[in-house]
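Colleague: quick one: sequence plus predicted model below, questions after.
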Amino acid sequence: GSVAALDEVLVGCRACPRLVAWRERVATEKRASFRDETYWGRPVPGFGDERAAVLVVGLAPAAHGANRTGRMFTGDRSGDFLFASMFRTGFANQPTSVSADDDLVLTGIRVTAPVRCAPPANKPTPTERRTCAPYLGRELELVGPRVAVVLGAFGWQALLATLTDQGWAVPRPRPVFGHGAEVRVAHPDGRSLTLVGCFHVSQQNTFTGRLTPPMLDAVLLRARELAD
Ligand code: DU
Ligand code: SF4
């Protein structure tokens, strides 16, 4: 098994009828400012270091962001905010991620999402989350991160559910999401993974100042410290 083999299966997935219809409709109708572009319109693989110690877990591709460019977090304001922070903290070789064929390289970090197809209103259903969970589970097994930076409550719940399914010792009741929350979980085989909660990088948080660049930088630096 390899990340490339996982991605090959993933990009052909059509398991969620509502999301297949939405991702393809958005890709056909487009946004006026991108009308000359060919949208990706398919499931979006994780991006970055295949041996990353730090895995960033978001929510789902944005309709005109990753669903357009085919690279996670790429082509929208959320990604602009996230990749700039990765550059400042030494995880990325450049501050921007514009398209799937730019020269961005992530070292020691990787970005992914628990749902791989763009959902209407950025809101996957519980069934869609469960249907997509095996892809995140497989990626976790292949990459083997020591730290997961989880952007928002949806990703937090989704990751904890996936870890539980995979036999990790997740406390009950499940730990509550919060910015700066840290939870260490253990696998019976001896591995451990520390989840670090962080407000999502969406404009709702970054435009309002709820999540500032120094706050995100501090989370990424903390993640590196935990991973070392
Ligand atoms: O084809 P490849 O060298 O396995 O890289 C796939 C993809 O992942 C490429 O666009 C660069 C990116 N990447 C990265 O960001 N960090 C790495 O350490 C390795 C690959
Ligand atoms: Fe497949 Fe996941 Fe997309 Fe559903 S969200 S169609 S499970 S890739």
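Modeller: Received it, and whenever you're ready, just let me know what you need. Ligands and ions are numbered 1, 2, ... in the order given.

Colleague: who's in contact with Pro45?
Modeller: Val3, Leu6, Asp7, Leu10, Val11, Met72, Thr112, Arg116 (Cβ atoms under 8 Å, 6 or more residues apart in numbering). For glycine as for every other residue, the C-beta is placed from the backbone atoms N, C-alpha and C.

Colleague: from Ala218, how far out is the fourth one?
Modeller: According to Cβ to Cβ, to the nearest Å, Leu10 stands 32 Å off from Ala218.

Colleague: do the same with the first one
Modeller: When Cβ to Cβ is applied, the distance between Val3 and Ala218 equals 29 Å.

Colleague: and if you look at the second one?
Modeller: As judged by Cβ to Cβ, Leu6 and Ala218 stand 32 Å apart.

Colleague: which one's more surrounded, those two?
Modeller: Leu6 (19 against 15; other Cβ atoms under 10 Å).

Colleague: mind naming the longest strand for this protein?
Modeller: Across the chain, the longest stretch assigned as strand under DSSP state E is strand 192-198.

Colleague: give the next helix or strand downstream of that strand.
Modeller: helix 203-206 (DSSP states H and E).

Colleague: send me that following helix as PDB with only the CA atoms.
Modeller: Taking Å, rounded to 0.1, in the frame of the first residue of the first chain, the C-alpha atoms of helix 203-206 are listed here in PDB:
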ATOM      1  CA  GLN A 203     -12.900  33.700   6.700                       C
ATOM      2  CA  GLN A 204     -15.600  33.600   9.400                       C
ATOM      3  CA  ASN A 205     -12.700  33.200  11.900                       C
ATOM      4  CA  THR A 206      -9.900  35.000  10.200                       C
END
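
Colleague: so what's Val56 bridging to?
Modeller: When bridges are taken as DSSP bridges, the partners of Val56 come out as Val111, Val149.

Colleague: just to revisit the earlier point, and the contacts of Pro45 near ligand 1, which?
Modeller: With the criterion set as Cβ under 6 Å from any ligand atom, no member of those is near ligand 1.

Colleague: tell me which of those residues fall in strands.
Modeller: Those of these lying in strands (DSSP E): Thr112.

Colleague: so where do the strands sit in the protein?
Modeller: So, for the chain - with DSSP E - the strands run 47-48, 54-57, 109-112, 147-151, 182-186, 192-198.

Colleague: re earlier: contacts for the longest strand of the chain?
Modeller: Looking at what lies outside strand 192-198 - Cβ under 8 Å, 6+ apart - the contacts are 145-152, 156, 159-160, 163, 168, 175, 177-187, 211, 215-216, 219, 222-223, 226.

Colleague: which among those end up buried?
Modeller: 145-152, 156, 159-160, 163, 168, 175, 177, 179, 183, 185, 211, 215-216, 219, 222-223, 226 (16 or more other Cβ atoms under 10 Å).

Colleague: show me which residues of this structure sit near ligand 1.
Modeller: Phe47, Gly48, Asp49, Val105, Leu106, Thr107.

Colleague: ok, and the most crowded of the residues you listed?
Modeller: Gly48 (25 neighbours).

Colleague: wait, doesn't that one sit right on Arg110?
Modeller: Yes. Contact criterion Cβ atoms under 8 Å: Gly48 and Arg110 qualify, at 3.6 Å.

Colleague: per-residue pLDDT, Ala223?
Modeller: Listed pLDDT for Ala223 reads 99.

Colleague: dump the residue contacts of it.
Modeller: Val54, Val147, Val149, Val196.

Colleague: from ligand 1, how far out is it?
Modeller: 16 Å (Cβ to the nearest ligand atom, to the nearest Å).

Colleague: cheers, nothing more for now.
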